[in-house]
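Q: When you get a sec, could you give me coordinates for this:
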Amino acid sequence: MEKEMLAILSLKEGKFDTFMSWMASEEGMGVRKSVAYPEKTIPGIKPDKSGVMFKVSVHNEAGMKEFVAGNNPIAKSIYAECVAGVKLYELTKVDI
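A: Below you'll find the predicted structure:
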């Protein structure tokens, strides 16, 4: 089942380019594809590049939680190097 989630990451100082390069790499895309649909991801960047957010369409919720918590075996080292903190939210549509 597909679920919309919002991941907000605070990055360690000067680690924006390192983190985003990994996310776009073959290794990073492989991890992302295992938990969500990268083609549906909507990114956002803090103006000072101290953080990023991603609205994602998740197909593996347990895997997504493991990934954003920095516990995915493949992503663990990049998270330790670059990520200062993470918040993950479930999104629900609001009819207006």
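Q: ok, residue 13 to residue 81 distance?
A: Taking C-beta to C-beta, to the nearest Å as the criterion, residue 13 is separated from residue 81 by 12 Å. (Glycine included, C-beta is placed from N, CA and C.)
Q: what about these two, which has more around it?
A: Counted by other C-beta atoms under 10 Å, residue 13 and residue 81 do not tie: residue 81 has more neighbours, with 13 against 9.
Q: for the more buried one, what are its contacts?
A: When the contact criterion is C-beta atoms under 8 Å, 6 or more residues apart in numbering, the partners of residue 81 are 12, 15, 18.
Q: switch to 7 Å and redo it
A: Shown here is residue 81, whose contacts under the criterion C-beta atoms under 7 Å, 6 or more residues apart in numbering are 15, 18.
Q: and what of residue 64?
A: With contact taken as C-beta under 7 Å, 6+ apart, residue 64 is in contact with 5, 35, 36, 58.
Q: mind putting these in a markdown table, secondary structure and distance to residue 68 included?
A: Compiled in a markdown table, the contacts of residue 64 are given as follows (DSSP: H, G, I helix; E, B strand; the rest coil; distance: C-beta to C-beta, whole Å):
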| residue | secondary structure | distance to residue 68 |
| --- | --- | --- |
| 5 | strand | 9 |
| 35 | helix | 9 |
| 36 | strand | 10 |
| 58 | strand | 10 |
